[in-house]
Structures are given as C-alpha cells and as structure tokens.
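K.L.:
Take a look and give me a structure for this.
(chains A and B)
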Amino acid sequence: MSTELRFALVLAGILFNQAATAAGSAEKGKAAYVQHGCWQCHGFAGQGGVTGPKLAPNPMPPEALSAFVRNTRGAMPPYQAAILSDGDLADIHAYLLSIPKAPDYKSIPLLNH
Amino acid sequence: MARKDPGPQVDRRKFLTGVAAAGAATAAATMSTPVTRAAEPAPAARVPSALPPSMHVAQAETGTPREPARVPGIPGSDFMVDVVKTLGIKYLPANCASSYRAIHESLINYGGNKQPEFLTCMHEESAVAMAHGYFKVAGKPLMTLCHGTVGLQHATMGIYNAWCDRVPVIVVGGNDMDAATRPPGVPTFHSAQDINALVRDFTKWDDTPVSLQHFAQSFVRAYKIAMTPPYGPVMISLDAGLQQEPMKDHGEKPYVPRYVPTAPPQGDSGAVKEAARLLAAAQNPLIVADRAARTPNGMRLLVQLAETLQARVIDQGGRMNFPRTHYLSAPPTAVSSADVILGLELSDFWATVNSYTDNAGNGGIGTNSTRIKRDTKLISISSVELNTKANYQDFQRFQVIDVPMAGDAEATLPALIEAVKAAIPNDRKGAIAARGEAAKKAYTEGKERTRAAAALGWDASPVSTARLCMEVYAAVKDLDWSLVASEGNVSNWPNRLWPMEKYHHWLGRSGGYGVGYGAPASVGAALANRDLGRFSVSIQSDGDLMYAPGVLWTAAKHKIPLLAVMHNNRGYHQEVMHVQRLSNFRNRVANYGGDMGPVGTRIENPDIEYHKLAESMGWWAKGPIKDPAQLGPALKEAVKVVQAGQPALLNVWTQPR
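P.N.:
Okay, the predicted model is just below:
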C-alpha cells in the first residue's frame, strides 16, 4: 500500500469518525463502486467524462457525498438507502479517497503535442 | 451513347414465358421429375396469373437461374449502365440479389466493372453506410443496388442515417412488377407493389420507371435531387422485366439527359441584411455550426465570418466546420453569454439553447431549462427547412427563431460576410478587436482545463478514453490522417484535443444515431481516402461492429486500408446507463444477472475476441489490450501494416466513456 493511500485511508477514518460513521474500506469500496454502477458514468478510476464529473482525486467529504447521492434531483439518478446501504456508500467514499492524484498533464508528452 | 441498333421488338410477356420455359425445362431435366406446366408451355390465356409454388418450382427458383443461351437484341440493362456511366459514379457497394441480376450482369460484363466498380458487401446496411462515409470524404455520391424488398428492409436504417445526416446515396432496388409473368416462389416473395413506400418518409425523392427512357430521366433526376442541398438519399425501383428485356424501338432512341448541378438555395437577401445588422451590433455574437460546411470552402468562409466579427464559434461537429486550433473555437457552454446567436444548419436549435435533464422531475418526464439570456436574438440559416417531412421526427423540438432563413448556410455565407462588413460601424471596431483578445484567453484556459481532465485516470486499466485517443493521435499525427468515424462516445476527446484543422480530419457522425454506422461508414470513407492517398483511422466501438461485421471482409477483399482502434467497453453503454437510471428512479436494485451492468445491456461472458474476428476476415489484428502501456507499441505496428495497404484492428479494452 502506498504511503499516499495509507494516509488517505487514515484521513478517511478521521472524517468518518467525526461523522460518527464506521470508517469505510477502500477495497470493499472498489467492489461496491462497480457493483452499484458508479463506474458507468464516472469511470472506474472516478476520472469522469461526458457522462458524469470526476469524483477523484480529492472527493467531497463523506457527508456531502451521502447528501448528494441520496437526494440529488439533477442529472444523476439518486441512490436511496433501499438500493445502496450507508455502509457501501462509506466504502465507496474510502475507495475514492484511495485514488492517487493524477500526473500533472504537463509531464505527459502525449498531452503536450 | 453505345446504342446504335435498337434491336428487335420483343413482347415482354412472350419473352418472359420463353425464359420460364427454358429455365423450368432445364430444372426438370436435372431433377428428373417432369414439370408438366413448363415443359410444354400452355397458351397464354390459360396460364393463371399466380401459380402456387410447387416444391419443384421453388427449388428451381432458389437454384441458379438459367437464361436462354442468347437473348436477341441489346439488353435494357446495358442501356441503364450507359446512363449510370454518364454520372461518374466510382463505386457500387452492394449485396448481390437476383432481382437486379440483369443490371448486375451488364455492369460487370458490358460495363467492364468500372465506373462503377462493384464492391461485394455482406449486408445492405453496410453498403448504404459505405456510400454514406464515402460521400463525406469524396463529396461524390455512390449508388447501391439491393433486392427491393428483403434487401431494402436490411438497408433502411442506413438510409435513415443518411437522411438525418443530409448525405446523398442513390439506392436502386430490384423488383419484378408484373404479377402475371414474374416467376412464382421466391421472386414473388421478393416483389412488392411499391417498394419505395418503405423508405419514402426518409428519402428526398423516389420513382418507379416503366420504360428505359423513363429510367434515364429518373436516374439523372434522382442524382440531381440527391445532390441539391439539402442533400439526401433517393430511391429508384427497378423493374426486373425492364432490366431483362431487350431494348424496344418506338422510332426514337432513348437519350440520356445531361446532368447539370442545381445551384444551392441562398437565404433571402433582406433576411441576410437583418441578420448582419444584428450581428454587427451585438456585444457578444456567437456562431453555432452543425452541418454548415458542405465542402472545405465552407470552413474557410466560416473562419472569415468569425474573424470579421471576432465571434466565437461552437462547432457541434455534424461536419468539420471550424478549426479546433482557432482561438475563436468555443465549447457548448459559450451560449450562456451570447446576445445574438447565429445557427448554421443546426439539426437541433432547441437543444442548442435549452437543456433537458433526464431526471425524475415533471412527473418523471424530466426537466427543461433555458441556457441563454432572456433577450438573446436567434438567427438561423438552414436548408433542411426546405425539406421537412412529417413522420420521422428528425426536425426535433420547435424553437422560435427571430430571423429564420430557409437556405443553404455555405451558399449564404459569402453574402452574409459582405453584409456584416458593411454593417459594422467604424466606432465598433475597437470593441470587436477587444472581443478577440478575450476569446484568446478563454481558448487557452479552456485547453488547459481539458488537458488536466485528460490526465485523470491516465494509467488506469482498462484504458481511459483520453489515453486511447491521445495514443492514437500520437501514432498518426505525422501522416495525412482522417478520423473517419468515432462512434461510441469517447467523451469527445478527439474534438477536444486533436488539432483538427482540415476538412477531412473529422467527418461527423451517423446522423440518425442508428448504431451500426461506424464500421461500414469508416470503410467507405477509407476507400475515398485511399484514392486520395490519405491515412484513415477510426475509433471503433464494440456494439457498433457487431451489427454487420462482414464489412471487415469487404475492406480486406477490396484492399481498403483502415486502422480501426477499438473502444471496447464491453457493452451497449448508453443502455447500461439508461436502465441503471430507471432502476434508481424506481428505487429498485438493478439486476445485473452476473454481469457488470443491467441484464440485456452488456457484451461480456463470453467476451468477444474482436481481434480474432478481424483476423479471420483478412485483417491484421491484435488484442485484447488492457494495459495502456501496451497500446503505443501496438499502434506503431498497426500503422505500418495499414501503410502497406492492409486494414488493421486493435481490440482495446477501455473505460466506459
């Protein structure tokens, strides 16, 4: 596990404790992210695209994520608790937190033609 | 014209009876069962108009048709070939069918299989889409032949795409009209009163010629109508008897009318002046183009207009309208700050200035909102207004326009540019120049944001669509490349990041969004590019390829070089999202049935080995590539193969969008 990831998970733990929720598991979250179809519109790495905005790196805090996912009335179809549990959502947040920062585009030759 | 001797006059009824007798007699001999009806022709009056097809007759009809050794006179279909040749139609992609066997024979034997050259297709939809793709590169239409019933039924989706994309395709369907004389059985199943009815709602014109002279007029007329903006597909029903019969001499030789192109319609001069006045006086004018540039000159004119006004341009990408490298090139969001919007050949003006959100609002039908300021003035130049039909809804939602013009945008641009120049007062020139400076800044910032977004998920597996597109670009950038199709929604990266500047860099999309366009249209466009010495590359999606993968064989057979890089997200991804959306709205867990998306939407378990599929049809192929690091080297190899003249496919597993 990278130090960045470990740090991210620790941070996630702190945030979740503050919100009086159990800390999510990034590993379980990766599976839940696929199982609940988040990848469909946001990409497997949360990178976003025309169908949904990027979710990682630096995802929104867990309370905001939960509030958005459960209640949005915009372009994203909401997920209520009956179809996505609080536990799974916490894991998904942990997974998003674990996604490392993308390389700077200036360092990628293919993006600097 | 080739015809010197009009040939003997042959009565069609007698002629066909002779053919039937000869054919059936041969069949009877080979089947060693006497077929009494045909072996001894009964007097014409006693032959019923429609005989039930006996097993023997049906067998005879599905077998190889036998012609008499020699039909006296010049076949009518030879004259048809003479007509076709006057129009310089280079290729004829088609799936062979007995209802046009006579003109088929004339094309390859009498016509020498040149102008047009027959290209063997495995599906009528592929043939039409090849013609569709070809036109967008060559600017010249192709014709296709098909069975007027079952073949045309296959062709319809391709014709609908061409209709929506304003592309001329000349579709000719074989049909044996004379119920009293046509062979029973299969050929009668393959006949109809009015085959053209099937496509009348989405063709510009159709006809059913009943004489050779009529054919000559109809064919030239069909070509002319198809090629008058707004372009569109046309349909000719070709009677089997007319093709097969020798030419008759009624004292006059059939002549071939000369084709003279019709000048495209221009917007009304008063309306052009009013549009120019609004644009010249605007604080923040904006141009939106969809199918505005019909030719490379259309692009040049649009650049001229934009620079005169220092107005930003949103290219919706129905065609290559505006260089992506120009600082006035703007994203769709630019509509929000405009006070005057000029729409050029927009297929959907409503959605340009409004947005629709597919949410649970409005009792489940979604919500609408405006994207523009309250007093924004709207101007439209569209030739499609001259050619609207009622049934299919390609005219989209109704949008009120302040200055609507029925006319061709490209043809109207020269007058509009002059009118705008005349309308700009001297004291506005400073403000206009300042607008240009602001646009440059917005352009540079926008490009940086886009690049930063492309870097997200750069090393992910499966390969991100941004990585896919930029690896492909790196592999072709030093060639005279043409992106011939990019079906399958790769988050629009090529348009956002490739420095597209030439008309052939981008060819637009399918038009009607009928899936299955990408593969055959790419092959058709690659054919046109081959003749022009260009390198063709497509981003090929998985679902699209599987509608009619036989077109891969057609490309290999006719030596059409094409680099197809797959965006294989292993699903009908639009539908994956749709069904997920509905499941969420209804608060039900989407049933994935063991796959990664809702039942009925995924193409996995088993995964299709597209590389093997392509290889089996004569392509060089590699895959599945899941690691982005492997993509660059594979592309290098594939480019070399294509440069040597062979089509090549890379099966790349990708992110969904």
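K.L.:
Could I get the pLDDT score of the residue in chain A that chain B sits nearest to?
P.N.:
Closest contact between chain A and chain B, by CB to the nearest CB, is at A:Gln47 (3.1 Å). C-beta: built from backbone N, CA, C; applies to glycine. We have a pLDDT of 98 for A:Gln47.
K.L.:
Kindly report the same for B:Gly488.
P.N.:
For B:Gly488, pLDDT reads 59.
K.L.:
again, but for A:Pro57
P.N.:
The score at A:Pro57 is 96. That number is its pLDDT.
K.L.:
which residues does it contact?
P.N.:
A:Gly46, A:Ile99, A:Pro100, A:Lys101, A:Ala102 (CB atoms under 8 Å, 6 or more residues apart in numbering or on different chains).
K.L.:
Go through these and give me the one with the most neighbours.
P.N.:
A:Ile99 (25 neighbours; other CB atoms under 10 Å in any protein chain shown).
K.L.:
That residue contacts A:Gly43, doesn't it?
P.N.:
No: at 10.4 Å, A:Ile99 does not count as touching A:Gly43 under the criterion of CB atoms under 8 Å.
K.L.:
circling back to that earlier point, now for the contacts of A:Pro57, which pair is the farthest apart?
P.N.:
Distances among those were taken as CB to CB; the most separated pair is A:Gly46 and A:Lys101, at 11.9 Å.
K.L.:
Helix, strand, or coil at the closest residue to chain A within the stretch 401-550 of chain B?
P.N.:
For the stretch 401-550 of chain B and chain A, the shortest gap (CB to the nearest CB) falls at B:Gly457, measuring 3.1 Å. Recorded secondary structure, B:Gly457: coil (DSSP: H, G, I helix; E, B strand; the rest coil).
K.L.:
Who are the contact partners of it?
P.N.:
Contacts of B:Gly457 (CB under 8 Å, 6+ apart): A:Gly43, A:Phe44, A:Ala45, A:Gly46, A:Gln47, A:Ala102, B:Ser464, B:Ala466, B:Arg467, B:Gln655.
K.L.:
Among the residues you listed, which pair sits farthest apart?
P.N.:
With distances taken as CB to CB, the most widely separated pair in the contacts of B:Gly457 is A:Gly46 and B:Arg467, at 15.3 Å.
K.L.:
Which strand or helix spans B:Gly594?
P.N.:
Using DSSP states H and E, B:Gly594 sits in no helix or strand.
K.L.:
How about it: what's its closest non-neighbour residue?
P.N.:
Using CB to CB, 6 or more residues apart in numbering or on different chains and skipping residues adjacent in sequence, the residue nearest B:Gly594 is B:Asn605, 6.8 Å away.
K.L.:
per-residue confidence for that neighbour?
P.N.:
According to the model, B:Asn605 carries a pLDDT of 98.
K.L.:
What does it show for phi and psi?
P.N.:
B:Asn605 adopts backbone torsions of phi 50, psi 70, taken as degrees, to the nearest 10.
K.L.:
Make sure it is actually in contact with B:Gly597.
P.N.:
No: using CB under 8 Å, B:Asn605 makes no contact with B:Gly597, being 11.4 Å away.
K.L.:
Is any residue of stretch B:565-579 near chain A?
P.N.:
Yes: interface with chain A: stretch B:565-579 contributes B:His573, B:Val576, B:Met577 (CB under 8 Å from any CB of the partner chain).
K.L.:
Just send these back as CSV, with distance to B:Gln630, secondary structure and pLDDT too.
P.N.:
Formatted as CSV, the residues of stretch B:565-579 next to chain A follow (distance: CB to CB, whole Å; DSSP: H, G, I helix; E, B strand; the rest coil; pLDDT from 0 to 100):
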residue, distance to B:Gln630, secondary structure, pLDDT
B:His573, 23, helix, 97
B:Val576, 26, helix, 98
B:Met577, 28, helix, 98
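K.L.:
Kindly give a single ChimeraX line that selects the buried subset of those residues.
P.N.:
Only the buried entries of the residues of stretch B:565-579 next to chain A go into this ChimeraX selection, using 16 or more other CB atoms under 10 Å in any protein chain shown:
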select /B:573,576,577
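K.L.:
give the contact list for B:Arg657.
P.N.:
A:Cys41, A:Gly43, A:Gly49, A:Val50, A:Thr51, B:Thr465, B:Asn489, B:Val490, B:Ser491, B:Asn569, B:His573.
K.L.:
Any idea how far apart the tips of stretch B:478-498 sit?
P.N.:
Length of stretch B:478-498, first residue to last, CA to CA, to the nearest Å: 13 Å.
K.L.:
That one and chain A, are they touching?
P.N.:
Yes: applying CB under 8 Å from any CB, one finds stretch B:478-498 touching chain A at B:Asn489, B:Ser491, B:Asn492, B:Leu497.
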